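> Please work out how this folds:
(one chain, ligands or ions: 1)
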Amino acid sequence: MTSILNKFPNQKTPRKVLKTKGVYYYLDKNEKILDFTSGWTGYANLGFCHPRLVKAVKEQLKKFSHIDFNIWHNPNAEILAKKMTSYTKKNLDKVYFCGSSGSEAVEAAMKLSYQVHFDQGKKKKINFITRFQSFNGSTLQAISVSDLPVLDLYGKLLPKNVYKISQHNPFAKCNFDLKINKCKCGKHYSNCMGKMTSENKTSYTKRCVEEFENAIKKLGSENICAFIGETQLGSLIGDVPAEKNYWSMISKICKKNDIHLILDEVYNGFGRSGKIYNFMWDKLSPDFVCIGKNTTSGLAPLSVVLTKSKFEEIIKKGSGRIRSGHTFQGFALGIVACLESLKIFEENNLLNKININSKYIVKTISEELKNLETFSNIRGRGYGISVEHSTKNNIEFSKNIYQKMFNKYKILVNTKYHRTSFTPAFIISKSKIDYVLDKFIKTFKEASSKKY
Ligand SMILES: Cc1ncc(COP(=O)(O)O)c(C=O)c1O
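Next comes the predicted model:
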């Protein structure tokens, strides 16, 4: 009997991994799997065990692995913070090294936002506005601003100071009828409420923004702390960027009403979108940006919140300290791995390559699959792309694709619910992309010829 408390106790023990390198998993039975997911959850931006990251971590280990963030200064942290803020042209000029996980970054941003208001005497600003179909992490605070059915179990434990508005997903078609407040398809509206059939992109965006304005009217801006959302809806929905102008309108409303804008880029930031930060596609100036998960390619976890020095000034004069922290804030091994990652991005012009290859992937898939009834769309940015399918049994269709790709072609793709997400490592070669696309297109066509 295993001594591991398994997350999925009813399932078979997963396959044993002996080694990972580049874009490959080496399994028992001499099997090798090509990873098109950057480690399934998108953390391994530079693939597994990148030699330069390994070297950087080994060198750092000779000095120290970690020093307490509260009492010591690590000069590498300063170098990294300067680097990370430089991409925003000092618009976001401070980095808070908050901990290890993305959830910690989300919690830190929420706490910072609250504290900034509190320290200015705006003590009623306690509410967060978020969107249905979001995922912002697994701690109770992060779950409270998420909307993931498997986490509903914890509903009674969650803070209540959260108000949810519609997701912003122009790819979700919806027959919602505002007059009767019901969706004609019968689904719970949070699962369904995307762009209505009667709307175009502009009117859809306008409605989503109006919903935010209505929420402010209902709650009162004096009671609202922040709006929190993923800049690009992530793996749950399948890589959906917001419509043009959505974020700039949300941002304007936030500023007018003294509400902070917190963007969660844990999944879709740090280069994944083809720009270093995803919000840069929209020329925004958010107040807090959560970064984590993919900062070090898995060498040592590190998460941060990007923010503004004006907030530090407020805290300096107010509480005098940030009232939150974790033991492994600013983990020194993570800092060197993150710094080295940025050097590798720049020296190899990786973001530019991502954008070129991304367009190629979208074009190839669209051309090959566009005439199939099972193909809905392909969307995303950079190496955060999803192919959506539409069948009578989407889950079975997904299983079929996943298993065929894995068992027959030895490729790991992230296929679940209604889509396949392509989140390859930034270092993947064009020939490997071609190989995966060829096998995926074959598999998708074969699956489409079956009945679901
Ligand atoms: C958008 C987003 N936010 C937050 C998180 C939480 O990150 P972590 O699992 O590192 O706590 C995730 C994790 O997948 C995520 O995708």
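
> alpha carbons only for contacts and neighbour counts from here, please
Will do.

> just for the chain, where's the confidence low?
175-182, 184-192 (pLDDT under 70).

> just the residues of the stretch 251-400 of the chain that are near the ligand, which are they?
By the rule Cα under 6 Å from any ligand atom, the part of the stretch 251-400 of the chain lying against the ligand is 264-267, 293.

> Strands along the stretch 1-150 of the chain, start to end?
Using DSSP state E, counting those that start in this stretch, the strands of the stretch 1-150 of the chain run over residues 17-21, 24-27, 32-35, 94-99, 127-131.

> Kindly reformat these as a markdown table and extend each row with mean neighbour count and distance to the ligand.
Putting the strands of the stretch 1-150 of the chain into a markdown table (neighbours: other Cα atoms under 10 Å; distance: least, Cα to the nearest ligand atom, whole Å) gives the following:
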| stretch | mean neighbour count | distance to the ligand |
| --- | --- | --- |
| strand 17-21 | 13 | 20 |
| strand 24-27 | 18 | 20 |
| strand 32-35 | 20 | 17 |
| strand 94-99 | 23 | 10 |
| strand 127-131 | 23 | 12 |
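
> Those: which one's closest to Ser319?
Closest approach to Ser319 among those is made by strand 94-99 (16.6 Å; Cα to Cα).

> Need the CA coordinates for that closest one. CSV is fine.
Output of strand 94-99 as CSV, limited to C-alpha atoms (Å, rounded to 0.1, in the frame of the first residue of the first chain):
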residue,chain,number,x,y,z
LYS,A,94,8.4,47.7,-7.5
VAL,A,95,8.6,44.0,-7.1
TYR,A,96,7.2,42.3,-4.0
PHE,A,97,8.8,38.9,-3.6
CYS,A,98,5.8,37.3,-2.0
GLY,A,99,6.6,33.6,-1.9
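
> neighbouring strands for that strand, and are they parallel or not?
strand 303-307 (antiparallel) (DSSP bridges).

> and Asp119, what is it in contact with?
314-315, 317-319 (Cα atoms under 8 Å, 6 or more residues apart in numbering).

> what's the answer for Lys19, then?
By Cα under 8 Å, 6+ apart, the contact list for Lys19 reads 25-27.

> go with 6 Å
Applying Cα atoms under 6 Å, 6 or more residues apart in numbering, one finds that Lys19 lies in contact with Tyr26.

> what ranges do the helices span in the stretch 201-350 of the chain?
Counting by DSSP state H, counting those that start in this stretch, the stretch 201-350 of the chain has helices at residues 201-219, 246-256, 309-317, 332-347, 350-369.

> Residue nearest the middle of the protein, spatially speaking?
Tyr267 (2.2 Å; Cα atoms, centre = their mean).

> still on that earlier bit, let me know which of the helices of the stretch 201-350 of the chain is tucked in deepest.
Mean neighbour count (mean count of other Cα atoms under 10 Å) peaks for helix 332-347 among the helices of the stretch 201-350 of the chain, with a mean of 21.

> starting at the chain centroid, how far to that helix?
Counting by Cα atoms, centre = their mean, to the nearest Å, helix 332-347 is centred 20 Å from the centre of its parent chain.

> tell me, how many neighbours does Thr307 end up with?
For Thr307, the neighbour count with other Cα atoms under 10 Å is 26.

> Next, the distance between the ends of stretch 11-23.
Counting by Cα to Cα, to the nearest Å, you get 26 Å between the two ends of stretch 11-23.

> and it, how far from the chain's centre?
For stretch 11-23, the distance to the chain centre is 23 Å (Cα atoms, centre = their mean).

> Adjust the sequence numbering to begin at 47 for everything that follows.
Understood, numbering begins at 47; the last thing we discussed is stretch 57-69.

> What number of neighbouring residues does Met326 come out with?
16.

> swap in the one 5 residues further on?
Around Ser331 sit 19 other residues, with neighbours defined as other Cα under 10 Å.

> And it, how far from the ligand?
Remark: distance between Ser331 and the ligand (Cα to the nearest ligand atom, to the nearest Å) = 19 Å.

> how deep is the nearest residue to that residue once chain neighbours are set aside tucked in, by neighbour count?
Spatial nearest neighbour of Ser331, excluding adjacent residues (Cα to Cα, 6 or more residues apart in numbering): Asn137 at 6.8 Å. By the criterion of other Cα under 10 Å, Asn137 has 17 neighbours.

> Can you give me the distance of Asn137 to Met326?
As for Asn137, its distance to Met326 is 11 Å (criterion: Cα to Cα).

> Identify, from the contacts of Asp165, the entry nearest to the ligand.
For those, the minimum distance to the ligand (Cα to the nearest ligand atom) is 25.1 Å, reached by Ile361.

> if I pick the closest one, what's in contact with it?
Going by Cα under 6 Å, 6+ apart, the list of residues near Ile361 is empty.

> Try it again at 10 Å.
Applying Cα atoms under 10 Å, 6 or more residues apart in numbering to Ile361 gives the contacts 158, 161-166, 355, 367-369.

> List just the nearest of these to Lys129.
When those are compared for distance to Lys129 (Cα to Cα), Ser355 wins out at 15.6 Å.

> For that closest one, give me its contacts.
Applying Cα under 10 Å, 6+ apart to Ser355 gives the contacts 136-141, 361.

> can you check Ala378 too?
Contacts for Ala378 were tallied using Cα under 10 Å, 6+ apart; they are 103, 106-107, 109-115, 120-123, 346-348, 384.

> what about burial for these, which qualify?
Neighbour-count burial (16 or more other Cα atoms under 10 Å) is assigned, among the contacts of Ala378, to 103, 106, 112-113, 115, 120, 123, 346-348, 384.

> Pull up the residues of the stretch 47-196 of the chain that are close to the ligand.
Residues of the stretch 47-196 of the chain lying near the ligand (Cα under 6 Å from any ligand atom): 147-149, 181-184.

> Now with 5 Å, please.
147-149, 182-183 (Cα under 5 Å from any ligand atom).

> Find the pair from those residues with maximum spatial separation.
Top of the distance list for these (Cα to Cα): Ser147 and Asn182, 11.1 Å.

> Need the overlap of contacts for these two.
What both Ser147 and Asn182 touch, as defined by Cα under 10 Å, 6+ apart, is the set Val312.

> Let me know whether my guess that Glu442 is in a helix holds.
Yes: per DSSP: H, G, I helix; E, B strand; the rest coil, Glu442 lies within a helix segment.

> From Gln449, how far out is it?
Relative to Gln449, Glu442 is positioned 10 Å away (Cα to Cα).
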